[in-house]
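Asker: Quick one: sequence plus predicted model below, questions after.
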Amino acid sequence: MQIKPIQNEYENEIVDLILNIQQKEFNVPITLEDQPDLQDIANFYFKPGGIFLGAFIDGKLIGTIALVKFNSEAAAIRKMFVKKEFRGKEFQIAQQLLEQLIEYSKENGIKDLYLGTVTLLQAALRFYEKNSFITIPKEALPVDFPLMKPDNVFCHLNLNP
């Protein structure tokens, strides 16, 4: 498995992976139009100081994670998706994606990571809790946190405890 930064040249693979998981697997009522970031990864993620990582096996995109830097010391984790057949402890793909994202964050002066998700994604919530994220109320988010419409559960990880 290889993890590397990816940009617009992987747009079709990224959109295919993410929309299939969101819409078909979890029935989240979200469309590509609701996620304009997916059609301009370079400007949305990289330009402000974030990153978009892809996990590949045999040249095929099987997982993603992204970081939106929304102020000098804080960022939001977005687009954490792994194809169903590559999830779980045996592969550790989500874990490796998250660890690389945290490492990138520390190297780039980010002190706080936030994320939003939906109640429906219980396995995702357990995964973040296992990685020391704490659930916080929406009101505790920074005012400049980039909210996504479907999100109703929010988490925080301080990188310099």
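Answerer: The structure has been received and is ready for your questions.
Asker: next SSE after the helix or strand of the chain with the lowest mean pLDDT?
Answerer: None of the helices or strands of the chain scores lower by mean pLDDT, DSSP states H and E than helix 122-130, at a mean of 92. As assigned by DSSP states H and E, the chain's next helix or strand after helix 122-130 is strand 134-136.
Asker: Report the strands that pair with that following strand, each with its relative direction.
Answerer: strand 153-158 (antiparallel) (DSSP bridges).
Asker: what angle sits between the strand it pairs with and helix 122-130?
Answerer: Orientation of strand 153-158 against helix 122-130 (axes from the mean of the first three to the mean of the last three CA atoms, to 10 degrees) gives an angle of 20 degrees.
Asker: Name the residues of the longest strand seen in the chain that come out as buried.
Answerer: The longest strand of the chain (DSSP state E) is strand 60-71. Neighbour counts over strand 60-71 (16 or more other CB atoms under 10 Å) mark 61, 62, 63, 64, 65, 66, 67, 68, 69, 70 as buried. Bear in mind the C-beta positions are built from the backbone N, C-alpha and C, glycine included.
Asker: For the third one, which non-adjacent residue is closest in space?
Answerer: Put plainly, it is residue 63. residue 55 (3.6 Å; CB to CB, 6 or more residues apart in numbering).
Asker: Provide the backbone phi and psi angles at that neighbour.
Answerer: Backbone torsions for residue 55, taken as degrees, to the nearest 10, come to phi -100, psi 130.
Asker: Which pLDDT value belongs to it?
Answerer: We have a pLDDT of 98 for residue 55.
Asker: and it, what are its bridge partners?
Answerer: Residues in beta-bridge contact with residue 55 (DSSP bridges): residue 3, residue 63.
Asker: count of neighbours near it?
Answerer: 25 (other CB atoms under 10 Å).
Asker: didn't it look like it was pressed against residue 96?
Answerer: Yes. Contact criterion CB atoms under 8 Å: residue 55 and residue 96 qualify, at 7.1 Å.
Asker: For those two, list the residues in contact with both.
Answerer: Any residue near both residue 55 and residue 96 by CB atoms under 8 Å, 6 or more residues apart in numbering counts here, and that gives 1, 3.
Asker: gap between the residue nearest to residue 63 and residue 124?
Answerer: Going from residue 55 to residue 124 by CB to CB, to the nearest Å gives 16 Å.
Asker: just residue 30 next, same as before
Answerer: Taken as CB to CB, the span from residue 30 to residue 124 is 15 Å.
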